[in-house]
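*Asks:* All I have is the shape, not the residue letters:
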């Protein structure tokens, strides 16, 4: 009960417009959003994989779908979401092992996650989509 | 006393460990997949199909999908627990999430073994 009383006195700000997230916080919310978006697009991605593998005819359909410029842009965005989730996830695994948990390292590692995930997206996107 | 509820996280280490174990499996597969794509550079149906016709790649890809679906279950369940506050709504969302993920597992089997 003592714990509950202390909890109640803590100040709380949930006004989303006045919250200034630090970089590790931005990384964290993108980690969540990217996971959610990938989950929601799973049926589309499975359908794409199925089309690409089922037969030469469906492969042709797959090719024409991913050849669409709008689809390319969406897939490019998805590659970034995946790479962000991947890199941020590795950072979380290291944090679990108590690597880089002081404020300065945590901020630096967030910058590294953004830099590496964007670089990987550009390399993979360029290779796979163009 | 810990107040255990049916739509909670079950307060165990199991899901925490599985979330990380599946993450490592997916990370390793991602590296493997990119290496294979880089080496083969599949441009035709035959080359692309050949990658997944390989027994090891089939196994690894299936393991990736099972890891992805279990990982997604834990992550999406956490999202529902954070934002879906009415117990009934949360339960419906959790059941729907688990149901589609089980369905996707069957679909993944079909994609990989009927290609």
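*Replies:* Cool, the structure landed. From a predicted model like this one, the values you see are computed outputs, not experimental measurements. Residues are numbered from 1 along each chain as shown, chains lettered A, B, ... in the order given.
*Asks:* any bit of the one helix or strand residue A:62 maps to sitting next to chain B?
*Replies:* Element membership for residue A:62 (DSSP states H and E) is helix A:56-67. Yes - Helix A:56-67 lies within reach of chain B by CB under 8 Å from any CB of the partner chain, at A:56, A:59-60. C-beta: built from backbone N, CA, C; applies to glycine.
*Asks:* so can I have TSV of these showing neighbour count and distance to residue A:105?
*Replies:* Compiled in TSV, those are given as follows (neighbours: other CB atoms under 10 Å in any protein chain shown; distance: CB to CB, whole Å):
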residue	neighbour count	distance to residue A:105
A:56	10	51
A:59	18	47
A:60	12	50
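*Asks:* Show me which of these is closest to residue A:41.
*Replies:* residue A:59 (20.5 Å; CB to CB).
*Asks:* Tell me if I'm right that the closest one and residue A:51 touch.
*Replies:* Yes - with contact defined as CB atoms under 8 Å, residue A:59 reaches residue A:51; the gap is 7.0 Å.
*Asks:* Show me what from chain A comes close to chain B.
*Replies:* A:32, A:35-36, A:38-39, A:42-43, A:46, A:49-50, A:52-54, A:56, A:59-60, A:86, A:89-90, A:93, A:96, A:124, A:127-128.
*Asks:* And the buried ones among those residues, selectable in PyMOL?
*Replies:* Typed into PyMOL, the line below selects the buried ones among the residues of chain A next to chain B, using 16 or more other CB atoms under 10 Å in any protein chain shown:
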select buried, chain A and resi 35+38+39+42+46+49+50+52+53+54+59+86+89+90+124
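*Asks:* Great, nothing more from me.
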